[in-house]
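**Q** would you be able to build a 3D model of this:
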Amino acid sequence: MVLPTAMRLRGHRCFDHLHRKGQRFQGTLMTLRKAAAMPRLLRSNCRPLESQKTLSVCRCAVVISGKVSKRAVIRNRLRRRLHDHLRHRFERSLQYGNTWVLISLKPGADASEALILEECDRLLQQAGY
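**A** Here you go, the predicted structure:
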């Protein structure tokens, strides 16, 4: 058995798919979108090889605009924290491998990390995760 593939979602085609076809869940600090996975939209170097038997995991993307914080250090710290939180949440369950998730922090979401992660969990529950 091969370990799960990377769960980070990248590429404008993937984001376009999430915005066009995704179901939206809104909170006060962030918006969550989920859509059915379309592996053919992934970059060629991110796609699992046909010959490999890999476990697919839910792929996630986190978007934090410059309006949340002007400092890149703060935005990157929040992004890494959210990716880590999502990885721990989805690593336990491989049943969501056929979905993609996009989390966008709203401008002015300068709450503490604990509140942001709490709202993330609440939106994931609403989305059925």
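
**Q** what is the mean pLDDT for the lengthiest helix in the chain?
**A** Using DSSP state H, we find that the single longest helix of the chain is helix 72-91. Averaged over helix 72-91, pLDDT sits at 89.

**Q** one more: stretch 19-35?
**A** Rounded mean pLDDT across stretch 19-35 is 93.

**Q** run the chain-centre distance for that stretch.
**A** Relative to its parent chain, stretch 19-35 has a centroid offset of 10 Å by Cα atoms, centre = their mean, to the nearest Å.

**Q** please point out which parts of it sit buried.
**A** Residues of stretch 19-35 classed as buried: 22, 25, 27, 29-35 (neighbour count, 16 or more other Cβ atoms under 10 Å). Glycine gets a C-beta too; all of them are placed from N, C-alpha and C.

**Q** using PDB, write out the CA atom coordinates for it.
**A** C-alpha atoms of stretch 19-35 as PDB (Å, rounded to 0.1, in the frame of the first residue of the first chain):
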ATOM      1  CA  HIS A  19     -15.900  28.600  -7.800                       C
ATOM      2  CA  ARG A  20     -18.100  27.400 -10.600                       C
ATOM      3  CA  LYS A  21     -19.300  24.000  -9.300                       C
ATOM      4  CA  GLY A  22     -18.600  24.200  -5.600                       C
ATOM      5  CA  GLN A  23     -21.200  24.300  -2.900                       C
ATOM      6  CA  ARG A  24     -20.600  27.300  -0.600                       C
ATOM      7  CA  PHE A  25     -20.800  27.500   3.200                       C
ATOM      8  CA  GLN A  26     -20.400  30.900   4.800                       C
ATOM      9  CA  GLY A  27     -19.200  31.900   8.200                       C
ATOM     10  CA  THR A  28     -18.300  35.200   9.800                       C
ATOM     11  CA  LEU A  29     -14.600  34.800   9.300                       C
ATOM     12  CA  MET A  30     -14.300  32.600   6.200                       C
ATOM     13  CA  THR A  31     -16.100  30.900   3.300                       C
ATOM     14  CA  LEU A  32     -15.800  27.200   2.600                       C
ATOM     15  CA  ARG A  33     -16.400  25.700  -0.900                       C
ATOM     16  CA  LYS A  34     -16.500  22.000  -1.600                       C
ATOM     17  CA  ALA A  35     -16.800  20.300  -5.000                       C
END
